[in-house]
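> Sharing a sequence plus its predicted fold:
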Amino acid sequence: MDIMLRAENLSFSYMTPELEPTPALLDINLTIKKGEFVGIIGQNGSGKSTLAKLFNGLLLPTEGNVYVKGMNTKDKTKIWDIRQTAGMVFQNPDNQIVATIVEEDVAFGPENLGLPPAQIRQRVDEALKIVEMEEYKKHAPHLLSGGQKQRVAIAGVIAMRPECIILDEPTAMLDPAGRREVIKTILKLNREERITVVHITHYMEEVVQAHRVLVMDAGRIVLEGPPVQVFSRVGELKALGLDVPQITELAYRLNSKGINIKPGVLTVDEMVMELCQL
């Protein structure tokens, strides 16, 4: 499988007003393969959003290197290709919506690529269909719900035909219904469109279907593995100030009361199966 994103001995520091470096990432080594869905979790200040910006070339390493499909983000001649390969979706969709009509907003990126009108039309229609927003193409974005706005923002990235999408807490400002809409879209992009997904979130339930979960703390990756493996380490996650999916928390508490539930239960269906076998 091809490598989509790679960090080698990556460190990054922000500069304070007093020109003192403040470390945000420390010696990160990470490989994300093409077609993977990787979830990244961690407390505020753990470095996860900084890592996202480094993968998109919005920030450049203080030390080490970041490669996007083999292109070094330090290579200024490659930055346009890098950002076409790895699209970015931010926390607040209002910061990414630039037009007054949904289809015009989705068309903004392809238009800036200088594509012919027929090709732009095709890309816009395809992107809106993927995020299930085609019936809203003539609507004003400011009249949409938060979840719908975020799906429009995602469509705008999809229309650029990236091979990878990096989502930096895209559901942080949404209600539960909006979060479900966006997660459904993310899974569809990965499972059906074969787009590599890096999803940064505070909500543990959003990464239970990821191929791999990374846990960050104080600028380092401290846990890594499939969701069932990572979320079975409830004590370690709680020590880092993190929650676990509600079903995993229930399994943990039942075990503490002497009821034998296998570790790493992630979904309601899995819990029902476990309870039925008692």
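Nice, I can see it.

> contacts, neighbours, all on C-alpha from now
OK.

> so where's the protein shaky on pLDDT?
Along the chain, the parts satisfying pLDDT under 70 run over 1, 263-264.

> all helices of it, in order?
Applying DSSP state H to the chain gives helices spanning 48-55, 79-85, 102-112, 117-130, 146-158, 176-191, 227-230, 234-239, 246-256, 268-276.

> TSV for those helices, including mean neighbour count and distance to Thr22?
Listed next are the helices of the chain as TSV, based on neighbours: other CA atoms under 10 Å; distance: least, CA to CA, whole Å:
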stretch	mean neighbour count	distance to Thr22
helix 48-55	22	12
helix 79-85	18	25
helix 102-112	21	34
helix 117-130	18	40
helix 146-158	27	31
helix 176-191	18	33
helix 227-230	19	29
helix 234-239	14	24
helix 246-256	17	35
helix 268-276	12	42
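
> So for Asp2, which of the ones you listed sits nearest?
Of all those, it is helix 79-85 that lies closest to Asp2, at 13.7 Å by CA to CA.

> Restrict that closest one to CA atoms and write it as PDB.
Included here for helix 79-85 are C-alpha records, laid out as PDB according to Å, rounded to 0.1, in the frame of the first residue of the first chain:
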ATOM      1  CA  ILE A  79       3.200  23.500  -2.000                       C
ATOM      2  CA  TRP A  80       0.300  23.900  -4.500                       C
ATOM      3  CA  ASP A  81       0.500  20.200  -5.400                       C
ATOM      4  CA  ILE A  82       0.700  19.300  -1.700                       C
ATOM      5  CA  ARG A  83      -2.500  21.200  -0.900                       C
ATOM      6  CA  GLN A  84      -4.300  19.700  -3.800                       C
ATOM      7  CA  THR A  85      -3.300  16.300  -2.600                       C
END
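
> how near is the residue nearest to the spatial centre of the chain to Glu192?
Centroid-nearest residue in the chain, with CA atoms, centre = their mean: His199, separated by 1.6 Å. Going from His199 to Glu192 by CA to CA, to the nearest Å gives 17 Å.

> Likewise for Leu144?
26 Å.

> which ones are touching the residue nearest to Glu205 when sequence neighbours are not counted?
In space, and not counting its chain neighbours, Glu205 is closest to Pro245: 5.2 Å by CA to CA, 6 or more residues apart in numbering. Residues counted as contacts of Pro245 (CA atoms under 8 Å, 6 or more residues apart in numbering) are Met204, Glu205, Val208, Phe231, Leu266.

> Spell out, range by range, the strands that occur in the stretch 1-150 of the chain.
Secondary structure of the stretch 1-150 of the chain, counting by DSSP state E, counting those that start in this stretch: strands at 3-15, 21-33, 37-42, 63-68, 71-72, 86-89.

> and the third one with strand 21-33, angle?
I take that to be strand 37-42. Counting by axes from the mean of the first three to the mean of the last three CA atoms, to 10 degrees, strand 37-42 lies at 160 degrees to strand 21-33.

> Show me which of Leu144 and Glu192 is the more surrounded one.
Set Leu144 next to Glu192 and count neighbours by other CA atoms under 10 Å: Leu144 wins out with 14 against 10.

> What separation do you get for the more buried one and Val228?
36 Å.

> thinking again about what came up before, turn the contacts of Pro245 into a markdown table, including neighbour count and distance to Val68.
Formatted as a markdown table, those follow (neighbours: other CA atoms under 10 Å; distance: CA to CA, whole Å):
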| residue | neighbour count | distance to Val68 |
| --- | --- | --- |
| Met204 | 20 | 26 |
| Glu205 | 17 | 28 |
| Val208 | 21 | 25 |
| Phe231 | 25 | 29 |
| Leu266 | 24 | 32 |
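
> Residues in contact with stretch 254-270: which ones?
208, 227-233, 245, 247-248, 251-252, 271, 274-275, 278.

> rerun that using 10 Å as the cut-off
With CA atoms under 10 Å, 6 or more residues apart in numbering as the test, stretch 254-270 has contacts from 204-205, 208-209, 227-234, 244-253, 271, 274-278.

> Next: stretch 99-112.
Against stretch 99-112 from outside (CA under 10 Å, 6+ apart): 84, 96-98, 115-117, 119-125, 127-128, 133-134, 136-142, 144, 149, 152-161.

> Using PDB, write down the CA coordinates of that stretch.
Presented in PDB, the C-alpha positions along stretch 99-112 are these (Å, rounded to 0.1, in the frame of the first residue of the first chain):
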ATOM      1  CA  ALA A  99     -20.000  32.400  -1.700                       C
ATOM      2  CA  THR A 100     -23.600  33.200  -1.200                       C
ATOM      3  CA  ILE A 101     -25.000  30.100  -3.000                       C
ATOM      4  CA  VAL A 102     -24.000  26.500  -2.100                       C
ATOM      5  CA  GLU A 103     -23.000  25.400  -5.700                       C
ATOM      6  CA  GLU A 104     -21.000  28.600  -6.200                       C
ATOM      7  CA  ASP A 105     -19.000  27.900  -3.000                       C
ATOM      8  CA  VAL A 106     -18.200  24.400  -4.000                       C
ATOM      9  CA  ALA A 107     -17.100  25.700  -7.500                       C
ATOM     10  CA  PHE A 108     -14.700  28.200  -6.000                       C
ATOM     11  CA  GLY A 109     -11.700  25.800  -5.800                       C
ATOM     12  CA  PRO A 110     -12.100  24.200  -9.300                       C
ATOM     13  CA  GLU A 111     -12.600  27.700 -10.800                       C
ATOM     14  CA  ASN A 112      -9.200  28.800  -9.300                       C
END
